[in-house]
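Enquirer: Coordinates for the following, if possible.
(chains A and B)
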There are 2 protein chains.
Amino acid sequence: MIVEVIAVGTELLLGHIVNSNAAVIGSALADSGHDSHYQQVVGDNLSRLKSAIELAMSRSDAVIITGGIGPTQDDLTREALAAATGRDLLFDESYAEHLRQWWASRGREMPRSNLRQAEHPEGAQLIPNPKGTAPGLAMEHRGTWVFCVPGVPEEMEYLLGKEVLPRLSLESGGPSVVASRLLRTWGRSESDIADRLDDLYHGSSNPSIAFLASAGEIKVRITVKAEDQAAAAALIAPVEAVVRDRLGDAVFGVDDETIEKVVISILGEEGMTIGTAESMTGGLVAAALTSVPGASAVVKGALVAYDHELKRTLLGVSDTSRVVDAQTAEEMARGGRDFLDADVVVAVTGSAGPEPLEEPPGTVVIAVATPEEIRSRRLRLPGDRERVRAYSVTAALHLTRLAVVGSWWSE
Amino acid sequence: MIVEVIAVGTELLLGHIVNSNAAVIGSALADSGHDSHYQQVVGDNLSRLKSAIELAMSRSDAVIITGGIGPTQDDLTREALAAATGRDLLFDESYAEHLRQWWASRGREMPRSNLRQAEHPEGAQLIPNPKGTAPGLAMEHRGTWVFCVPGVPEEMEYLLGKEVLPRLSLESGGPSVVASRLLRTWGRSESDIADRLDDLYHGSSNPSIAFLASAGEIKVRITVKAEDQAAAAALIAPVEAVVRDRLGDAVFGVDDETIEKVVISILGEEGMTIGTAESMTGGLVAAALTSVPGASAVVKGALVAYDHELKRTLLGVSDTSRVVDAQTAEEMARGGRDFLDADVVVAVTGSAGPEPLEEPPGTVVIAVATPEEIRSRRLRLPGDRERVRAYSVTAALHLTRLAVVGSWWSE
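Expert: Presented below is the predicted three-dimensional model:
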């Protein structure tokens, strides 16, 4: 189906907020196999909102309107939809009662304006919204479906996934579940991964696979449409097995497993502790590790030595004049391991820019000390100071994982 | 003027990227006194892009099209604009020569497809784009102005500010310069600041003032429309003086001066050095300080003690069982100062969540040791683990500034 998104709100036109809802809905529609030719943004104005709805209904099979269904006077989506379809605006007494109870259960009196949320164009169905008080709406008018969902992202996403996409799927006669699995990788280029998975990429549209690159990591997304969740999982499993077989140790996690979560989890299972010894990254590696809830059972601490003298006194670096250097990095890791009394210490040193420091900005050396050994690796990272530091953190965490699981690669 | 924004690109419809360009343009238009009734997003499709342009020209005084002017086959804005206005597509030989030289100066041969960027509808003016190779376009058609700018945010913003807004201002008979000055504050609530500046807020629309809150900081923006930059500066100066007088030490910087830049700059001028002693923030304060280019002249290093035993051995904390505690924070600052041999050390300890740690998540104690004294302050910060950590970093840097400039406030 061709589905059009209308985002409602003057704050979008003024640029006070970015229209992330349209991107979320667009992405979900594409994943579900629907097309989208246009998006519109319109302010809180009845006649312009009516025009926008009329236009969308004239050229698309379905319309999703996000925003403008709250309780205040500038929430005009209900009125505009009634006007655009020539229907009366009715009042749903049972939903009004639901609203009164919602407020009463919180020990508060309902502001009268909230009753607007019980209004709906004749023939529209109210969709309960457990995340808030504004119900969604679904109605068909001359063969075109219109869905109204809140503008609050959390409420919008809930109703989109729970109500709108399944109804669209039913209407388009398609499967009722779209599921996906994200395999997270590091250490192989996007083109290398694409080459290795070329037959899968071209071989099937269900499951389909896609590649996403961000911050030095490449994600492989397997998406499937199926009758139900069990069927979806059964279709994904063999493809995931092939991808894992071909990419090997490069796959470090799935779905929302970030590398810092994975490192904390692996070390926690092994009963091991970790620390960091940083110069160029200035504490960012430690900050990433401690961002994981429960990190305190695993993370001992960190030494950040920006000053040359501190590198010698704190970390035992023998030649502090050499910054972008394997020996310096390895001494930092060893010194940190001793000083922090941690099982594993990752050390980062290098040239972040903007000024060159021995080497061009982006030249970084990372060392990892485990109880068994100390290894280092030199990297050339792209971008400005901020990106070089961010990519260095990612690389440091990945090399830590590889060192701990015994899969350290030679350069 | 009523100005409509059209963002072009199938990747926007698919939600691969969020339409931040529309928000940036919308905000700039509002700041310049223009209205905006609609925004559109359309994919890389000639007939649909043509329809979108026709629609926008039929209902708005000016149209800004962002995207679709690159060199590849799916860049269709030039063709669509020619079709929508019934004009021929011409080829600009002098711009083609400029493109050839651009590539030659980089020692590379120009791909033939790049010549598309020298095409333009008859009557359109090419606007040079020093940030890239795709020139912008400006044309008037039956009283409506149309501007085409790149989709790359950096290039779009440059041409918007340098070319599009001044031309719109000229067309609308308004002043030709819109300038603004951002005063950054910390330590006073938004409502306190609004109260103190209430007469300025209601007293004048030129200069106008606005309040923006983010990450615990409140920014006061003074915006002025004037004939030229000198006139704008002359109008802003007296308002800025009044704001500074009323807000005092809360104003810590202007425009793009972040608190980490300000701290590094103040310490650098004084010839002083700094370090951090962190538990809850896990290295984030040090990371913020070292994000500033040139920080190495000022930042000595950091000690992150997540482990209780390390707090004792590394920092000399006497009672490591007390985490959210002024004495602990002050001992951390003192111990860090001795250990790192820095003039100033800021220490952060507290409960970030999600589990309570002695006190509810968000309870944080920050101490600052200067050569003269050590002071601490307890804060209650809102939000989840990530927000609590981020707000703690901001607070730690601000308290460092106040301690160094001798303006420490009592709680």
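
Enquirer: Buried ones in the host helix or strand of A:Ile25, by neighbour count?
Expert: Assessed by DSSP states H and E, A:Ile25 sits inside helix A:20-31. By 16 or more other CB atoms under 10 Å in any protein chain shown, the buried positions in helix A:20-31 come out as A:Ser20, A:Asn21, A:Ala22, A:Ala23, A:Val24, A:Ile25, A:Gly26, A:Ala28, A:Leu29, A:Ala30, A:Asp31. Where you see a C-beta, it was placed from the backbone N, CA and C, and this is true even at glycine.

Enquirer: Report the entries of those residues that also contact chain B.
Expert: A:Ser20, A:Ala22, A:Ala23, A:Val24, A:Ile25, A:Gly26, A:Ala28, A:Leu29, A:Ala30 (CB under 8 Å from any CB of the partner chain).

Enquirer: Tell me the one among the residues you listed nearest to B:Val323.
Expert: Nearest to B:Val323 among those is A:Ser20, at 36.8 Å by CB to CB.

Enquirer: wait, doesn't A:Lys311 sit right on A:Val304?
Expert: No: between A:Lys311 and A:Val304 there is no contact under CB atoms under 8 Å: 10.3 Å.

Enquirer: Quickly list what's touching both of those two.
Expert: A:Ser279 (CB atoms under 8 Å, 6 or more residues apart in numbering or on different chains).

Enquirer: tell me the least confident of the buried residues of helix A:20-31?
Expert: Lowest pLDDT of the buried residues of helix A:20-31: A:Asp31, 82.

Enquirer: What pLDDT is listed against the nearest residue to that one once chain neighbours are set aside?
Expert: The spatially closest residue to A:Asp31, leaving aside those adjacent along the chain, is A:Val178, at 5.4 Å (CB to CB, 6 or more residues apart in numbering or on different chains). On pLDDT, A:Val178 comes in at 75.

Enquirer: gap between the host helix or strand of A:Val178 and the chain center?
Expert: Using DSSP H and E, A:Val178 falls within strand A:177-186. Strand A:177-186 has its average C-alpha position 12 Å from the chain's average C-alpha position, going by CA atoms, centre = their mean, to the nearest Å.

Enquirer: Quick check, central residue of chain A?
Expert: A:Asp256 (7.8 Å; CA atoms, centre = their mean).

Enquirer: Distance of that one relative to A:Ala233?
Expert: Distance, A:Asp256 to A:Ala233, using CB to CB, to the nearest Å: 17 Å.

Enquirer: cool, A:Trp145 as well?
Expert: A:Trp145 is 29 Å from A:Ala233, by CB to CB.

Enquirer: what's in contact with the helix or strand bottoming out on mean pLDDT in chain A?
Expert: Least confident helix or strand, chain A: strand A:208-214 with a mean of 80, by mean pLDDT, DSSP states H and E. For strand A:208-214, contacts defined as CB under 8 Å, 6+ apart pick out A:190, A:193-194, A:197, A:200-201, A:218-224, A:239, A:243.

Enquirer: do the same with stretch A:246-261
Expert: So stretch A:246-261 is contacted by A:181-188, A:193, A:196-197, A:217, A:220, A:243-244, A:262, A:265, A:288-289, A:291-292, A:394, A:397-398, A:401-402, A:405, A:407 (CB under 8 Å, 6+ apart).

Enquirer: Quick one, which of those residues are buried?
Expert: Applying 16+ other CB under 10 Å to the contacts of stretch A:246-261, the neighbour count classes A:181-188, A:193, A:196-197, A:217, A:220, A:243-244, A:262, A:265, A:288-289, A:291-292, A:394, A:397-398, A:401-402 as buried.

Enquirer: Out of those, which are close to chain B?
Expert: The subset of the buried ones among the contacts of stretch A:246-261 lying close to chain B, counting by CB under 8 Å from any CB, consists of A:Leu289, A:Ser291.

Enquirer: re earlier: and the residue nearest to A:Asp31, what is it in contact with?
Expert: A:Asp31, A:Ser32, A:Gly33, A:Leu165, A:Ser169, A:Thr223, A:Val224, A:Lys225, A:Ala232.

Enquirer: what bridges to it?
Expert: A:Lys225 (DSSP bridges).

Enquirer: Off-centre distance for the one helix or strand A:Gln327 maps to?
Expert: Assigned by DSSP H and E, A:Gln327 falls within helix A:326-340. Centroid separation for helix A:326-340 versus its chain: 35 Å, with CA atoms, centre = their mean.

Enquirer: Is chain B within reach of that helix?
Expert: Yes: against chain B, helix A:326-340 shows contacts by CB under 8 Å from any CB at A:Leu340.

Enquirer: model confidence over that helix, on average?
Expert: On average, helix A:326-340 scores 96.

Enquirer: ok, the helix or strand just after it: who's next to it in the sheet?
Expert: Moving toward the C-terminus from helix A:326-340, the next helix or strand (DSSP H and E) is strand A:344-351. Take DSSP bridges as the rule and strand A:344-351 pairs in its sheet with strand A:274-278 (parallel), strand A:363-369 (antiparallel).

Enquirer: May I see the buried residues of strand A:344-351?
Expert: Those would be A:Val344, A:Val345, A:Val346, A:Ala347, A:Val348, A:Thr349, A:Gly350, A:Ser351, for strand A:344-351 by 16+ other CB under 10 Å.

Enquirer: One more: stretch A:132-151?
Expert: A:132-139, A:141, A:144-151.

Enquirer: mind listing the strands for the stretch 51-200 of chain A?
Expert: Counting by DSSP state E, counting those that start in this stretch, one finds strands in the stretch 51-200 of chain A at the ranges A:62-66, A:89-91, A:119-121, A:125-127, A:136-141, A:144-149, A:177-186.

Enquirer: helices or strands up against the third one?
Expert: What it means is strand A:119-121. helix A:77-85, strand A:89-91, strand A:136-141 (3 or more CB pairs under 8 Å, 6 or more residues apart in numbering or on different chains; DSSP states H and E).

Enquirer: Figure out which of those is closest to B:Glu122.
Expert: helix A:77-85 (38.3 Å).

Enquirer: angle of the closest one against strand A:136-141?
Expert: 0 degrees (axes from the mean of the first three to the mean of the last three CA atoms, to 10 degrees).

Enquirer: before we move on, back to that, could you look over the strands paired with strand A:344-351 and pick the most buried one?
Expert: Stretch with highest mean neighbour count among the strands paired with strand A:344-351: strand A:274-278 (a mean of 32; mean count of other CB atoms under 10 Å in any protein chain shown).

Enquirer: contact partners of it?
Expert: Contacts of strand A:274-278 (CB under 8 Å, 6+ apart): A:263, A:267, A:283-286, A:289, A:298-305, A:315, A:332-333, A:335-337, A:340, A:342-349, A:396, A:400, B:283, B:304.

Enquirer: about what we covered before: worst average pLDDT in the strands of the stretch 51-200 of chain A?
Expert: Among the strands of the stretch 51-200 of chain A, strand A:177-186 carries the lowest mean pLDDT (a mean of 88).

Enquirer: May I have that strand exported as CSV, CA atoms only?
Expert: What follows is strand A:177-186, C-alpha atoms only, in CSV (Å, rounded to 0.1, in the frame of the first residue of the first chain):
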residue,chain,number,x,y,z
VAL,A,177,4.1,-9.9,11.6
VAL,A,178,7.3,-8.1,10.5
ALA,A,179,10.3,-9.1,12.7
SER,A,180,13.9,-8.3,12.4
ARG,A,181,17.2,-9.4,14.0
LEU,A,182,20.3,-7.1,14.1
LEU,A,183,23.7,-8.8,14.1
ARG,A,184,26.4,-6.3,15.2
THR,A,185,29.9,-6.7,13.8
TRP,A,186,33.2,-4.9,14.1
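
Enquirer: For the closest residue to A:Leu81 other than its chain neighbours, the count of nearby residues, please.
Expert: Closest residue in space to A:Leu81, ignoring its immediate chain neighbours: A:Pro121 at 5.2 Å, by CB to CB, 6+ apart. A:Pro121 has 23 neighbours, counted by other CB atoms under 10 Å in any protein chain shown.
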